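> The following block contains a protein sequence and its predicted model.
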Number of protein chains: 2
Amino acid sequence: MPIDRRAAYPFCMNSSRLKQMPGHLIRRANQISSAIFSEEMVEYELTAVQLIALATIIDRPGMDATRLAEYIDFDKATIGGVIERLERKRLVERRVSQADKRIKELVATPAGRALVSVSMPHIERVQERILQPLSSGEQAQLMSLLKRIVAGFANSPSDAK
Amino acid sequence: MPIDRRAAYPFCMNSSRLKQMPGHLIRRANQISSAIFSEEMVEYELTAVQLIALATIIDRPGMDATRLAEYIDFDKATIGGVIERLERKRLVERRVSQADKRIKELVATPAGRALVSVSMPHIERVQERILQPLSSGEQAQLMSLLKRIVAGFANSPSDAK
DNA sequence: CAAAATTAATATGCCTGCATATCAAATTTA
DNA sequence: TAAATTTGATATGCAGGCATATTAATTTTG
């Protein structure tokens, strides 16, 4: 194996090295994962972000937007738009809480529940397709490593959300 | 270990399962990686995307926007804005090619080269920090698995770019 | 050579992501 | 209890991400 002289000189950078860095690879993996999601969900017109928000609202009816954002790791400022789009499609409703009038409780409509239910097989397929270049052992390994990275930064200042 | 009954019923979904899926974990990893990048680069006001574009332009002076986008896996429609912002900061220049007047050749300014040069140690640190929850062997493993995922979809229809 | 197809850049529209600010409602505390 | 602080929702502004369309320059092809 030829010696990579650049390794000895960390300040000598070039674009091929940048392309091999975790930041870029993670960005690419995300790009691929989103593309597969859209392909698989094209008939339902639901983004990955909208789906996980909707599924969580179904799971935990009455949750408010701030709790939802925390739970699925969304930015507080982003969640509003996501919910607004789900509401516009009549998949969720927002109801002002009588106990605390700052809070709007989120509930899914029957159409929202139906949509998540029929899209589930597709969601499973998205995940299979993302990992498909790897053997089943490697898939488990990747998942475990990613989980540890994500867990490692939970609640850290570097995890903006 | 208790049996996860949900595994036997793939259509029974809930939000905790979605949160464990590769799509979500990759999205989270990307979120963390971007946050660390901004932290590390806060004094330079350069995004990860701008940096890799700039570094590539330095590496391959005279490249045009379409080639650049392909090389660093950007969407063709996104690259324009990224270059525009680099140009506004006087880090790159666009010059109409005399050989083919459709093409604008990209070159970095001295300021652009200087900026990449001084930010390199930070870029190295970003990558270390992302992988920091893992042992050095696991870091290598993760990188290799991610590379294979990314390579597995290169030029595939599922890789929008 | 002229019409057709391709290509590079750019624009628009929608969605996500995040920092920052505002406002009203609730809670804390002085 | 009144003032200060916190909290939830929302708005604005900017960046990236992508589909789709347009325009001008170039290449292909009939």
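Arrived safely, thanks for sending.
> Could I get the CA-only coordinates of the helix or strand where residue A:68 lies as CSV?
Per DSSP states H and E, residue A:68 falls inside helix A:65-72. Output of helix A:65-72 as CSV, limited to C-alpha atoms (Å, rounded to 0.1, in the frame of the first residue of the first chain):
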residue,chain,number,x,y,z
ALA,A,65,-45.4,20.9,19.3
THR,A,66,-42.5,21.6,21.6
ARG,A,67,-42.6,18.1,23.0
LEU,A,68,-43.0,16.6,19.5
ALA,A,69,-39.9,18.6,18.3
GLU,A,70,-37.8,17.4,21.2
TYR,A,71,-38.9,13.8,20.8
ILE,A,72,-38.1,13.5,17.1
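> How far away from the center of its chain is the following helix or strand past it?
Heading C-terminal from helix A:65-72, the first helix or strand you meet, by DSSP H and E, is helix A:76-88. When C-alpha coordinates are averaged (Cα atoms, centre = their mean, to the nearest Å), helix A:76-88 and its chain have centres 15 Å apart.
> is helix A:76-88 anywhere near chain B?
No. If you take Cβ under 8 Å from any Cβ of the partner chain as the test, helix A:76-88 misses chain B, and the best it gets is 10.8 Å. Yep, even glycine has a C-beta here, placed from its N, CA and C like the rest.
> shaky segments in chain A?
Counting by pLDDT under 70, chain A has low-confidence residues at A:1-13, A:155-161.
> Next up, the contacts around residue A:106.
A:57, A:61-65, A:68, A:83, A:92-94 (Cβ atoms under 8 Å, 6 or more residues apart in numbering or on different chains).
> most neighbours, which of those?
residue A:57 (27 neighbours; other Cβ atoms under 10 Å in any protein chain shown).
> does it sit in a helix or strand, and which one?
helix A:48-59.
> so does that helix get close to DNA strand D?
No. Applying Cβ under 7 Å from any atom of the strand, one finds helix A:48-59 out of contact with DNA strand D, separated by at least 10.4 Å.
> List the buried residues for the helix ranked longest in chain A?
When chain A is parsed with DSSP state H, its longest helix is helix A:110-131. In terms of neighbour count (16 or more other Cβ atoms under 10 Å in any protein chain shown), helix A:110-131 has its buried residues at A:112-113, A:115-116, A:119-120, A:122-127, A:129-131.
> same check, this time on stretch A:41-54
A:41, A:46, A:48-54.
> Can you pick out the most distant pair from the residues you listed?
A:41 and A:53 (14.0 Å; Cβ to Cβ).
> Out of the buried residues of stretch A:41-54, which is nearest to DNA strand D?
residue A:49 (10.4 Å; Cβ to the nearest atom of the strand).
> Look up the closest residue to the residue most central in space within chain A, ignoring the ones flanking it.
For chain A, residue A:49 is the residue whose C-alpha lies nearest the centre (Cα atoms, centre = their mean; 5.8 Å). Nearest residue to residue A:49, sequence neighbours excluded (Cβ to Cβ, 6 or more residues apart in numbering or on different chains): residue A:82, at 5.8 Å.
> quick one: residue A:78 and residue A:68 touch, right?
No. In this structure, residue A:78 is not within contact of residue A:68 by Cβ atoms under 8 Å, at 11.0 Å.
> Name the residues of stretch A:75-82 that are buried.
A:79, A:82.
> Do it and DNA strand D come into contact?
Yes. Stretch A:75-82 is in contact with DNA strand D by Cβ under 7 Å from any atom of the strand, via A:76-77, A:79-80.
> Residue A:95 is in what secondary structure piece?
Going by DSSP H and E, residue A:95 is in strand A:92-96.
> whoops, residue A:45 was the one
Counting by DSSP H and E, residue A:45 is found in no helix or strand.
> Now it. Nearest residue, chain neighbours left out?
residue A:89 (7.9 Å).
> burial count for the one you found?
Using other Cβ under 10 Å: residue A:89 sits among 16 other residues.
> cool, and residue A:151?
11.
> Could you tell me whether it really is in a strand?
No. Secondary structure of residue A:151 (DSSP: H, G, I helix; E, B strand; the rest coil): helix, not part of a strand.
> I'd like the distance between it and residue B:40.
Separation of residue A:151 from residue B:40 (Cβ to Cβ, to the nearest Å) stands at 21 Å.
> next one: residue A:105
39 Å.
> Between these two, which is the more surrounded one?
More crowded of residue A:105 and residue B:40, by other Cβ under 10 Å: residue B:40, with 21 against 18.
> List the contacts of that one.
B:122-123, B:125-126, B:129.
> Dump the longest helix of chain A to PDB, keeping only the CA atoms.
The C-alpha coordinates for helix A:110-131 follow below in PDB (Å, rounded to 0.1, in the frame of the first residue of the first chain):
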ATOM      1  CA  PRO A 110     -58.700   9.400  10.600                       C
ATOM      2  CA  ALA A 111     -57.100  10.300   7.200                       C
ATOM      3  CA  GLY A 112     -53.800  10.800   8.900                       C
ATOM      4  CA  ARG A 113     -54.000   7.400  10.700                       C
ATOM      5  CA  ALA A 114     -55.000   5.700   7.400                       C
ATOM      6  CA  LEU A 115     -52.100   7.300   5.500                       C
ATOM      7  CA  VAL A 116     -49.500   6.100   8.000                       C
ATOM      8  CA  SER A 117     -51.000   2.700   8.100                       C
ATOM      9  CA  VAL A 118     -50.900   2.200   4.300                       C
ATOM     10  CA  SER A 119     -47.400   3.700   4.000                       C
ATOM     11  CA  MET A 120     -45.800   1.400   6.500                       C
ATOM     12  CA  PRO A 121     -44.700  -1.300   4.100                       C
ATOM     13  CA  HIS A 122     -43.000   1.400   2.100                       C
ATOM     14  CA  ILE A 123     -41.200   2.800   5.100                       C
ATOM     15  CA  GLU A 124     -39.900  -0.700   5.800                       C
ATOM     16  CA  ARG A 125     -38.700  -0.900   2.300                       C
ATOM     17  CA  VAL A 126     -36.900   2.400   2.500                       C
ATOM     18  CA  GLN A 127     -34.800   1.100   5.300                       C
ATOM     19  CA  GLU A 128     -34.000  -2.100   3.600                       C
ATOM     20  CA  ARG A 129     -33.000  -0.300   0.500                       C
ATOM     21  CA  ILE A 130     -30.700   2.100   2.300                       C
ATOM     22  CA  LEU A 131     -28.800  -0.700   3.900                       C
END
